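> I'll drop the sequence and a predicted model, then ask my questions.
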Amino acid sequence: MSPTESPTAEPGAITARETPFRAVLFAARSSGGPLASPTVVLWLAAFVLLVFLSVPLVSLIWMTGERPGSISSRTLDTLRSAGQLTIVTSLISLAAIIALGTPLGYLLARRRVPAASLIETLIDLPMVLPPAVAGIALLMAFGRRGIVGQYLDRSLGLTLAFTPVAVIVAQTFVAAPFYVRAARAGFAYVAHDLEQVAATLGASPFRVFRSVTLPIAWPSLAAGAVLAWARAVGEFGATIMFAGNLPGRTQTMSLAIYGRYEAGDLTTALVLATALLFGSLIALLGVRALGSMRDGPPSIR
């Protein structure tokens, strides 16, 4: 064999004609180096995403902590006014969501509903709609010249748009799907056998629901309620389109952050944003705590 000839390569071997990158990769794998396992690549990708998600949140808290002395009475007044409106409207919308969403979730889970797939798509649609689309849709439906709003204005003298009621309507529209989906999953989890046993023992349908179905499904219902409430608290796009951004009237926490930032009051915007951040964190921790609960067999009382 001449010096210019190369021996026959073994199957799978990297020859001199291969790219340098493949040669390095082959050498690292052969020597048990850091590329020997794909786990390293997985952890690296996960670490990059975790850092990306954490840095903005840490920066928000850090920058807010650097401005404790610059918090003025106006900041506190805005926090009090917007916070009170946000809490009141979100709780009212949550009550409406639970009252109307629980029967819907139960029917979807336990009954044959005509066009169930279409109904579920309609329920999920507000979750993926752009906020501006949701807001202008509400305005076209319930505004003074909207399809429904014009009749409310003429017949009853009711105006919904740009009022606190509009805030509740917008919050309910965007947050209801979170509760309905959780309620449907919770009721679907209840075994029919348990309900049938309770019925054979003489329990009425209402008592079966109260003593068997509801105790088993309630962690899902509670988790869905917390998620719906958190979504209502953070609602922005549909609210500003349908209810406006009127301080003391329709300005919620999210709208106040936007308004104070646009006015150049970064300190107030940071304080409000940090308050919402911790509120969202508490809500998520509550959802995870409810999701980890495991109840024993229900008793018929």
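Perfect, thanks for sending it.
> Show me the shaky parts of this protein.
Where the chain drops to pLDDT under 70, the residues are 1-37, 69-70, 291, 293-301.
> any idea which helix is longest in it?
In the chain, assigned by DSSP state H, the helix with the most residues is helix 73-110.
> Show me which residues of that helix are buried.
Within helix 73-110, the residues that qualify as buried are 75, 78-79, 81-83, 85-86, 89-90, 92-94, 96-98, 101-102, 104-106, 108-109, counting by 16 or more other Cβ atoms under 10 Å. Heads up, the C-betas are built off the backbone N, CA and C, glycines and all.
> Report all helices and strands that that helix contacts.
helix 116-128, helix 164-189, helix 214-233, helix 253-262, helix 266-291 (3 or more Cβ pairs under 8 Å, 6 or more residues apart in numbering; DSSP states H and E).
> now the last one and helix 73-110, what's the angle there?
It refers to helix 266-291. Orientation check (axes from the mean of the first three to the mean of the last three Cα atoms, to 10 degrees): helix 266-291 against helix 73-110 gives 30 degrees.
> neighbours around A176, how many?
Residues within reach of A176, counting by other Cβ atoms under 10 Å, total 25.
> and the gap between A243 and T64?
Taking Cβ to Cβ, to the nearest Å as the measure, A243 falls 27 Å from T64.
> ok, the two, which is more surrounded?
Here A243 and T64 are compared on neighbour count by other Cβ under 10 Å; more neighbours surround A243, at 30 against 20.
> Wait, the more buried one touches Q171, no?
No - using Cβ atoms under 8 Å, A243 is not in contact with Q171; the gap is 9.4 Å.
> can you tell me which residues contact A166?
The contact partners of A166, taken as Cβ atoms under 8 Å, 6 or more residues apart in numbering, are L138, F142, L160, T239, F242, A243, G244, T250.
> excluding its backbone neighbours, what's nearest it?
Ranked by Cβ to Cβ, 6 or more residues apart in numbering and with sequence neighbours excluded, the top spatial neighbour of A166 is A243, at 3.7 Å.
> residues contacting the one you found?
Residues in contact with A243 (Cβ under 8 Å, 6+ apart) are A161, F162, T163, P164, A166, V167, A170, T250.
> Kindly report the same for A217.
The neighbourhood of A217, defined by Cβ under 8 Å, 6+ apart, consists of A183, G186, F187, Y189, V190.
> rerun that using 6 Å as the cut-off
Applying Cβ atoms under 6 Å, 6 or more residues apart in numbering to A217 gives the contacts G186, F187, V190.
> Kindly reformat these as CSV and extend each row with distance to P205 and neighbour count.
Output for those, formatted as CSV (distance: Cβ to Cβ, whole Å; neighbours: other Cβ atoms under 10 Å):
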residue, distance to P205, neighbour count
G186, 18, 24
F187, 14, 22
V190, 14, 21
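> So which of these is the closest to A198?
In terms of Cβ to Cβ, no member of these lies closer to A198 than V190, at 11.0 Å.
> Quick check: closest non-adjacent residue to the closest one.
Taking Cβ to Cβ, 6+ apart as the measure, V190 lies nearest to I216, with 4.7 Å between them; neighbours along the chain are not counted.
> now the one you found: how far from V287?
Noted for I216: a distance of 18 Å to V287, by Cβ to Cβ.
> Number of residues surrounding V165?
Other residues near V165 come to 17 when the count uses other Cβ under 10 Å.
> Could you list every helix and strand in contact with the helix or strand containing T239?
Using DSSP states H and E, T239 falls within helix 237-242. Helices and strands in packing contact with helix 237-242 are listed as helix 131-142, helix 164-189; criterion 3 or more Cβ pairs under 6 Å, 6 or more residues apart in numbering; DSSP states H and E.
> among those, which is nearest A275?
Of the helices and strands packed on helix 237-242, nearest to A275 by Cβ to Cβ is helix 164-189, at 17.6 Å.
> I'd like to know which elements the helix or strand following that closest one is packed against.
From helix 164-189 onward toward the C-terminus, using DSSP H and E, the following helix or strand is helix 192-200. Helix 192-200 makes packing contacts with helix 205-208 when contacts are defined by 3+ Cβ pairs under 6 Å, 6+ apart.
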